[in-house]
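**Student:** I'll drop the sequence and a predicted model, then ask my questions.
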Amino acid sequence: MFVTFDPNPLDNQVMQRFLIIALSIICLGAMSAMALDPIEQKAQTIDKKLIAPCCWTATLDQHFSEVSEEMKSEIRDRLTKGESEQQILAHFEEKYGERVLSEPKAAGFNMTVWIFPFIALAFGLFMLSRVIRKTPKTIEEVTNTMTLQTTSPERDEKYKAMIDQELYRKS
């Protein structure tokens, strides 16, 4: 008894219709996202640059507390009045302090936040190059570093005498 697969043309039509509907929904979603009001687009970028002052853990676009909702509506009101992004950020910085900004200003002590990653990267690359230069390159070098006969017997006796003297000296 053999089971054969006989493709049904009706199934193909259903699948094609499903794909057309799915692609239409995706395209409509993309078009609606692109058709956002310019003020709303600016407001969303500002929302990402401010931290909610109720808990100081998330930006306004990720936070839904009462304070963050008030700040969001204030941002939109100020944008409709014609204020620029910098003016709005300066207003909230004056009201809540520099802590309300999601990324620190590149001035004063905050410069360390901007410069330190580059310094750490340069130091890491320097250390990596030193380690690579000091690693043995050939099998002979590896075997030489792994053997225990790195000192001469005379030096061994000298060091053994020093150890005995240190261990058995009278205090």
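**Tutor:** Noted; the coordinates are in hand.
**Student:** Give me the helices and strands touching the longest helix seen in the chain, please.
**Tutor:** Of all segments of type helix in the chain, defined using DSSP state H, the longest is helix 9-34. If you count contacts as 3 or more Cβ pairs under 8 Å, 6 or more residues apart in numbering; DSSP states H and E, helix 9-34 packs onto no helix or strand. For every residue, glycine as well, the C-beta is placed using N, CA and C.
**Student:** can you give me the mean pLDDT across it?
**Tutor:** For helix 9-34, mean pLDDT is 77.
**Student:** what does stretch 111-127 give?
**Tutor:** pLDDT averaged over stretch 111-127 gives 90.
**Student:** Quick check: buried residues in it?
**Tutor:** Buried residues in stretch 111-127, counting neighbours by 16 or more other Cβ atoms under 10 Å, are absent.
**Student:** what's the following helix or strand after the longest helix of the chain?
**Tutor:** helix 38-49 (DSSP states H and E).
**Student:** in the protein, which helix or strand is least confident?
**Tutor:** helix 139-146 (a mean of 62; mean pLDDT, DSSP states H and E).
**Student:** Could you list the domains of the chain?
**Tutor:** Following automatic domain parsing, the chain resolves into domains at 6-35, 38-103, 106-136.
**Student:** out of those domains, deepest packed?
**Tutor:** Stretch with highest mean neighbour count among the domains of the chain: domain 38-103 (a mean of 15; mean count of other Cβ atoms under 10 Å).
**Student:** okay, how far is it across that domain, tip to tip?
**Tutor:** Domain 38-103 has an end-to-end distance of 23 Å (Cα to Cα, to the nearest Å).
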